[in-house]
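Engineer: Following is a predicted model, sequence given first.
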Amino acid sequence: MKRRTLLKGAAASVSLLAAAVAGLLAPVRLLAADWPQTAFDSENVAAAIKDYFGDAPISDSDQVSIKAPLQAENGAVVPIKVTTSLANVESIAILVEKNPRPFVASLDVMPGASGALFSTRVKMGQTSQVFGLVKAGGKVHRVSQVVKVTVGGCGG
């Protein structure tokens, strides 16, 4: 073994050990939020909303907007964006009504956030109502849009 390789390996090991002792290398699992398993396992929109948001009151809101294509040519990658100008945003969720598991994505927002944006791509098997829900100030604000899914852009 070359002396230079040995010295590099020893220096890297000492650096990792020092970072671990200083607490800079925390396990990623500890940093992740709780997984909303029951919401993802729900088989209808109402149950998924209750499982994720609890008993918070739900109302349609003009302070939440959803941007999705009116007609998606490829249901495997449908871009959806939910934005809000509400203060004290706690979380955002996206649900697709006719998916076998309607709860498709969620985002927990850092405390004290005013306004938020969540953008992702979801898989849709058929034309369906898409819901964007934002929890802010203890209330759930809802917006929805129908997305028509076509195969190859030929209608459906």
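Structural biologist: Cool, got the structure. These figures come from a predicted structure and were not determined experimentally. Numbers count the residues shown, from 1 in each chain.

Engineer: Check the average confidence over whichever strand or helix holds Val140, would you?
Structural biologist: The secondary structure element spanning Val140 is strand 139-149 (assigned by DSSP states H and E). For strand 139-149, the mean per-residue pLDDT is 94.

Engineer: What lies in contact with that strand?
Structural biologist: 49, 53, 56-61, 63-66, 68-72, 75, 78, 82, 84, 86, 124-135, 156 (C-beta atoms under 8 Å, 6 or more residues apart in numbering). Where you see a C-beta, it was placed from the backbone N, CA and C, and this is true even at glycine.

Engineer: could you point out where this protein is predicted with low confidence?
Structural biologist: Counting by pLDDT under 70, the low-confidence segments of the chain come to 1, 16-33, 151-156.

Engineer: Wait, Glu90 touches Ser114, no?
Structural biologist: No: contact criterion C-beta atoms under 8 Å: Glu90 and Ser114 do not qualify, at 11.9 Å.

Engineer: So which of these two has more stuff around it?
Structural biologist: When neighbours are counted by other C-beta atoms under 10 Å, Glu90 and Ser114 differ, and Glu90 comes out ahead with 20 against 11.
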